[in-house]
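A.B. asks: Sequence and predicted structure, then a few things I'm wondering about:
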Amino acid sequence: MSSIENKTTSNWLNSDRRRLIMQEYGIFLAFLLLVAILSVSNEFFLTPGNISNVLLQTSINGVLAIGMTFVILTRGIDLSVGSVVALAGMVSASFVTSSATAGIAGAPYPMVVALAAGILVGVGCGALVGFIVSRFSVPAFVATLGMLSAARGATLIYGGGKPVPGLSPEFRWIGTGNILGIPMPVILLAVVFAVSWWVLTRTRFGRYIYAVGGNPHAAKTSGINVTRIRFMVYVISGALSGLAGMILSARTGSALPQAGIAYELDAIAAVVIGGTSLSGGVGRVTGTLIGALIIGVMNNGLDLMGIQSYYQQVLKGALIVGAVMLDQKRNQGV
Amino acid sequence: MQPLLKVEGLKKSFGGVAALRDGRFELAGGSVHALCGGNGAGKSTFLSILMGIHKRDGGTILHRGKPVEFSSPAEALHSGIAIIEQELSPVPHMTVAENIYLGREPSARFGGIDFKTMNRNAQALLDRLEFSISAREYMMNLSVAQMQLVEIAKALSHEADVIFMDEPTSAIGEKEAQHLFSAIERLKAEGKGIVYVSHRLSEIFQIADSYTVFRDGGFVGAGKLAGIDRPGLIRMIVGRELGEEYIKTNTPTEIAGLEVSGLSAPGKIEDISFTARKGEIFGIYGLMGSGRTEIFNCLFGMDRPSSGEIRLDGQAVSIRQPSDAMAEGIAFVTEDRKVTGLNLTDSVRNNICLASLPEMSPAFVMQKSQEQAASADMIARFSIKAARDTMPVSGLSGGNQQKVVLGKWFLRQPRLLLLDEPTRGVDVGAKREIYRIICDFAASGGTVVMISSEIDEILGMSDRILVMRQGRSAGIHDRQETDAQSLVHLST
């Protein structure tokens, strides 16, 4: 992140620089402000137990939102993540269930088999969407809307419309276990974040994602295989949806056919609040993580204050629109 | 007789750069007036002010003797000034009648649209103009030429008496153009004033009565076309003699750098052959849509030619995609840096390095120090003026942006440089620097092929010039043996 250091080394009071700093850190400051307000107004908020709870609540949306960031950076969108969560959760669960009727023959298998199956389902769904979007120029909105419906249907077909219960303790560990007191989902989110941050900021592939989103024509004339980059981002989003699906099943102890409904909306919200532009080429995975945390902290804070979840939805809506309004104003250079 | 339209001293600057310094114009009713000038002469600025798209900085516009000022094209149209734009924008899924009466549909009872009256009125209008188009036809089923006629009908339905036509024949065929001209004749007979903007001089001499010439944002002269000949008009448009603006330092060798033979792409180019030698700057001149950019697209793998052979340094090469071309040492500076050259949201450094990442970072992880060094090197070599190379490239001036694009390609150390309008929208100072860069490259043994629609530039910089006309070659000429007049003549 030396670009940030460069910008802050000298003359930071100069208005141009100040705007840049706001651009870089604005969302982070908003997050800190929110945390400050909540910790003052509720003494329970800043306890280790609650912090761990917020992080746990955020982990699934965080993983999905990071995948979504890859897609949105290339000017795309992935509406199918919620359904892929359900499908991957159900398929992987069927490998590790002790129920004789819900599982596939020979279950329970070792956890590794289930993990591989869940990721493969996600990669498969992502690859299909990516293929349709990149090869046939079908708008991402339409292709992933189709997958949203198809993957949900496939989940219902696969499980016969019923949940898959009784998952092996070994598998449940990825949702309920912990290492040194840190819940597994949080660790997984941290790993996904670290790898994604590295890919987007430090690798050629990451640079190409920004180039394709920023100007696909220029990317093409620079010899970049635009089709392949577009394909790959959906595969990544699919794989992370698969991971999120397994975390969800492991946490709840059984895979539900209606799991993950409307999860795509929270994921998109986190990306947008995090400052990634829907018109592509601009954004950071760090912003997305903070965006997901803001949503998690807000839900948690409102819960603590005893505010009904109905109101939470209204506030979340206002937050999304407000964040983008600020972003637009900022981009106009004021 | 009072002129229909009289413009005096029109001024307009964009960000401190004067696009129009002294626009003067006088249009008589019942006549066709040609507005002539090269690229950047100020014609488009002039039109956009008259149409209310831009606000003028100074000057007066008198329409039928009354001063007018428009703040939108709708206002201009309302007061009787219409424009038929080069790029038409009809609503394709509506009928001809719906397009003509868009926004002022006759209303029926209960707030509905009276389609019957609308269709009847539209058909009557089309018939009066002798356009054989049905008012009930969907717009998307019409040819470009027919859409133009519908636009004319629309203008007349607004009772416009001044009609601007901006390059109306650029997208239509010869026969359709003659059709359009007879329509223009009828408008003239009805007493309308038509302002005809075109690069095609033969058309101007065929259809127009009088002319006005702009150059470098200023009025140069006006008069009756009967009183001037073609070379005379070209002299006025081109203006100054080619002076010190172009300093050539390269000398072509006898070794062939790029050989193209029989290159064809259906509907775009046909049977193009030429050889550009090492150390040579080979120019391609032609009007927009004449197939010049299409040649580059085929050479660079953006488009697949249907036939033809490409040889680099005597070796046949097969190019299927841009990365193949780049591997062969071809660099392509595209026509529009904002659309195809730069990622405007990214930094100067990342744009310079964009085409060289696989070479700079063979492994998956990027070599940051290499990028830093490469970017610093190009910034120094081309004296790119940027506060720091991590700033967004959108913050640079046009000339510096263009130098970033050049830097991006020179970083790859190409052996063949394809330049499409390398100095478009670049000020005089930066132009010279870009010419110097091009000459240095050729002088050090590189092969350069350069497209330009600026005739001074093509004559000043190229050793030989290929003229394109309607997708075909109209001959290759030595710079010593040709001049502006004959190039313009050949290309139209």
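C.D. replies: Done, it's in. Remember, it's a predicted structure, so these values are computed and weren't measured experimentally.

A.B. asks: what ranges do the helices span in the stretch 51-200 of chain A?
C.D. replies: In the stretch 51-200 of chain A, the helices defined using DSSP state H, counting those that start in this stretch lie at A:81-96, A:111-136, A:140-159, A:169-176, A:184-202.

A.B. asks: Tell me how far the fourth one lies from the chain's centre.
C.D. replies: Averaging C-alpha coordinates over helix A:169-176 and over its chain gives two centres that are 21 Å apart (CA atoms, centre = their mean, to the nearest Å).

A.B. asks: again, but for stretch A:75-88
C.D. replies: For stretch A:75-88, the distance to the chain centre is 10 Å (CA atoms, centre = their mean).

A.B. asks: do the same with stretch A:85-93
C.D. replies: 17 Å.

A.B. asks: Could you tell me which residues within stretch A:307-318 count as buried?
C.D. replies: Within stretch A:307-318, the residues that qualify as buried are A:Gln312, A:Lys316, counting by 16 or more other CB atoms under 10 Å in any protein chain shown. Using the backbone N, CA and C atoms, a C-beta is placed for each residue, glycine as well.

A.B. asks: where's A:Gly124 relative to B:Leu20, distance?
C.D. replies: A:Gly124 sits 59 Å away from B:Leu20, going by CB to CB, to the nearest Å.

A.B. asks: Then A:Met305?
C.D. replies: On the measure of CB to CB, A:Met305 and B:Leu20 end up 62 Å apart.

A.B. asks: contacting residues around A:Ile132?
C.D. replies: Applying CB atoms under 8 Å, 6 or more residues apart in numbering or on different chains to A:Ile132 gives the contacts A:Val138, A:Ala143.

A.B. asks: Next, find the distance separating it from chain B.
C.D. replies: 21 Å (CB to the nearest CB, to the nearest Å).

A.B. asks: What does the pLDDT read for that residue?
C.D. replies: The model reports A:Ile132 with a pLDDT of 96.

A.B. asks: before we move on, what about the one 5 residues further on?
C.D. replies: A:Ser137 is assigned a predicted lDDT (pLDDT) of 88.

A.B. asks: where does chain B come near chain A, residue by residue?
C.D. replies: Contact residues (CB under 8 Å from any CB of the partner chain) of chain B with chain A: B:300, B:302, B:321-323, B:325-326, B:332, B:334, B:339-347, B:350, B:354-355, B:357-358, B:361, B:364-366, B:388, B:390, B:408.

A.B. asks: So which of those residues belong to helices?
C.D. replies: Mapping the residues of chain B next to chain A onto helices (DSSP state H) picks out B:Pro322, B:Ser323, B:Ala325, B:Met326, B:Asn350, B:Leu357, B:Pro358, B:Lys408.

A.B. asks: Could you dump these into a markdown table and include pLDDT, neighbour count and distance to B:Pro168?
C.D. replies: Formatted as a markdown table, those follow (pLDDT from 0 to 100; neighbours: other CB atoms under 10 Å in any protein chain shown; distance: CB to CB, whole Å):
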| residue | pLDDT | neighbour count | distance to B:Pro168 |
| --- | --- | --- | --- |
| B:Pro322 | 92 | 23 | 35 |
| B:Ser323 | 91 | 17 | 40 |
| B:Ala325 | 93 | 26 | 36 |
| B:Met326 | 93 | 24 | 39 |
| B:Asn350 | 91 | 22 | 42 |
| B:Leu357 | 86 | 23 | 45 |
| B:Pro358 | 85 | 13 | 46 |
| B:Lys408 | 93 | 26 | 37 |
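
A.B. asks: residue ranges with poor pLDDT in chain B?
C.D. replies: For chain B, the stretches with pLDDT under 70 are B:1, B:15-16, B:39-40, B:170-175, B:240-245, B:425, B:427-429.

A.B. asks: Point to the residue nearest the middle of it.
C.D. replies: By CA atoms, centre = their mean, the mean C-alpha position of chain B lies nearest to B:Met288, the distance being 5.7 Å.

A.B. asks: in the stretch 201-350 of chain B, which spans are helices?
C.D. replies: B:201-207, B:230-238, B:292-299, B:322-327, B:348-353.

A.B. asks: Name the residues that touch stretch B:388-399?
C.D. replies: A:3, A:6-7, B:337, B:342-349, B:351-352, B:372, B:375-376, B:379, B:384-386, B:401, B:404, B:425-427, B:429-431, B:433-434.

A.B. asks: ok, now with 7 Å
C.D. replies: Here stretch B:388-399 makes contact (CB atoms under 7 Å, 6 or more residues apart in numbering or on different chains) with A:3, A:6, B:342, B:344-349, B:351, B:375-376, B:379, B:386, B:401, B:404, B:425-427, B:430.
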